[in-house]
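Asks: I need the structure of the sequence given here:
(one chain, ligands or ions: 1)
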Amino acid sequence: MTVGIIGGGQLGRMMALAGYPLGLDFLFLDPSRDAPAGKVAPVVHAQFTDPKVLKWLSQHSQVLTFDWENISVEALRKHAAGARRARICPPVPALATAQDRVAEKRLFERLGIPTTRWRAVGSRTQLERAAREIGLPGVLKTRRMGYDGKGQARIGSHEDLERAWQSLGSVPLIYEEWVPFECEVSIIGARSTRGETVFYPLNGNVHADGILRVTRAPYGAARWHRSAIDYLTRCLEHFRYAGVLNIEFFVRQGRLVANEMAPRVHNSGHWTIEGSATSQFENHLRAILGLPLGSTRPTGHSAMINLIGEMPAREALLGVPGLHLHDYGKQPRPGRKLGHCTLVEPSAAQRDRLARRLLAQVAPGVRLP
Ligand code: AMP
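Replies: Have a look, this model is predicted:
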């Protein structure tokens, strides 16, 4: 059975590594010659929108999935309309919603999921009005193609509006209130084509400069976990979803406020490879192939630390007892996710102690609350 994956980044690569023990094969589509998945599976090098290559991929796969969000919905829709095409999972409408921050906010509101206050911004005048109505501080974001803090400007005072408009104003935008959050959490769950669902324990996430640095799980109060499962279930059912879905939240005054969703395996779930009975990658594959979903029981208290910008010496990392290293084989570049490491400890206190020691070594500026 072959799974076609659009995008050959580290997420796709980890998906393939999770799928081989199940007897699955993989074919990737990625324009980049050094796509991380290329080390573990065949990659067809072409544009994501190339109709001939999408058709070829479809003819050679039982199901098509994707490992990154900014692929063309239009190309996928056109492709899916053709005869004898492989199913696309997760559903394209979920991808379309996640690609547009305004559509995402509207979905959250429609499903009764608390989210940040926001206004769509298409002109300088609308930006002024949004800042007046929503208030300062705020954050101006591109509606589309934003990730890892790219395409965002924090607005602290009225003077920041002009600078933010100059840097981002050429594309449609959204203005959001700046949430004074206590912490950030995310939930990951899977729904299979047969309608079965599973949920992982809540993740506690630490970001710096808009990029995820650390995830700890299980994390947070049981009632946060219950609310997160409720909100994620609403989204899964709304789309009659198949695959893994993630929602990120701010915790404000003890309540969850949805920030965004990702219709794919997610960085905040990487700890599940060693820290859970079944990883998010394996459950994504099981879900899209209609196989029974695997247990999400945690095997301990996990911390995942992203390795960003440059790779620390392998010897130093592997000297940390119990550390699991994942090197994606990417060229170093400032702000680029090059790998991650995971610790799984018997208690939250032991995990945090070890994680702090490791952070001092690999990301000295990042503090764990
Ligand atoms: P995003 O691309 O929306 O996931 O934003 C990346 C990170 O920037 C988030 O995880 C937060 O740490 C921060 N951030 C984004 N939007 C807001 C907001 N409205 N209020 C406070 N922090 C934010």
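
Asks: residues contacting residue 153?
Replies: 139, 140, 141, 160, 163, 164, 167, 168 (C-beta atoms under 8 Å, 6 or more residues apart in numbering). C-beta: built from backbone N, CA, C; applies to glycine.

Asks: which positions in the stretch 51-200 of the chain make contact with the ligand?
Replies: 116, 139, 146, 149, 176, 178, 179, 184 (C-beta under 6 Å from any ligand atom).

Asks: only the buried subset of those, as a ChimeraX command please.
Replies: Selection command for ChimeraX covering only the buried members of these, criterion 16 or more other C-beta atoms under 10 Å:
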select :116,139,146,176,179,184
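
Asks: which of the residues of the stretch 51-200 of the chain next to the ligand fall in helices?
Replies: Among those, none falls in helices (DSSP state H).

Asks: give me the lowest-pLDDT entry from the residues of the stretch 51-200 of the chain next to the ligand.
Replies: Among those, residue 149 carries the lowest pLDDT, at 71.

Asks: correct me, but it touches residue 213?
Replies: No. The pair residue 149 / residue 213 is not scored as a contact, 11.3 Å apart, by C-beta atoms under 8 Å.

Asks: give the intersection of the neighbour lists for these two.
Replies: residue 207.

Asks: the strands in the stretch 151-300 of the chain, which residues?
Replies: With DSSP state E, counting those that start in this stretch, the ranges of strands along the stretch 151-300 of the chain come out as 152-155, 173-177, 183-191, 197-199, 203-208, 211-217, 243-252, 255-262.

Asks: as CSV, those strands with distance to residue 293 would be great.
Replies: Formatted as CSV, the strands of the stretch 151-300 of the chain follow (distance: least, C-beta to C-beta, whole Å):
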stretch, distance to residue 293
strand 152-155, 35
strand 173-177, 34
strand 183-191, 6
strand 197-199, 5
strand 203-208, 18
strand 211-217, 18
strand 243-252, 10
strand 255-262, 19
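
Asks: would you map out the domains in this protein?
Replies: Taking automatic domain parsing as the criterion, the chain consists of the domains 2-88, 117-177, 183-362.

Asks: now residue 128: how far from the ligand?
Replies: Taking C-beta to the nearest ligand atom, to the nearest Å as the measure, residue 128 and the ligand are separated by 19 Å.

Asks: repeat for residue 343
Replies: 22 Å.

Asks: which strand residues bridge that residue?
Replies: On the basis of DSSP bridges, residue 343 is bridged to residue 303.

Asks: try residue 141
Replies: Bridge pairing for residue 141 - DSSP bridges - gives residue 152, residue 174.

Asks: how close does it get to residue 178?
Replies: In this view, residue 141 and residue 178 are 11 Å apart by C-beta to C-beta, to the nearest Å.

Asks: try residue 308
Replies: For residue 308 relative to residue 178 (C-beta to C-beta), the value is 24 Å.

Asks: residue 144 now?
Replies: 21 Å.

Asks: also residue 101?
Replies: For residue 101 relative to residue 178 (C-beta to C-beta), the value is 15 Å.

Asks: try residue 37
Replies: Distance from residue 37 to residue 178, by C-beta to C-beta: 37 Å.

Asks: what residues are up against the closest residue to residue 25 other than its chain neighbours?
Replies: Spatially, and ignoring its direct neighbours in sequence, residue 25 is nearest to residue 2 (4.4 Å; C-beta to C-beta, 6 or more residues apart in numbering). Going by C-beta under 8 Å, 6+ apart, residue 2 touches 24, 25, 26, 27, 60, 61, 62.

Asks: change it to 10 Å
Replies: Contact partners of residue 2, counting by C-beta atoms under 10 Å, 6 or more residues apart in numbering, are 19, 24, 25, 26, 27, 57, 60, 61, 62, 63, 86.
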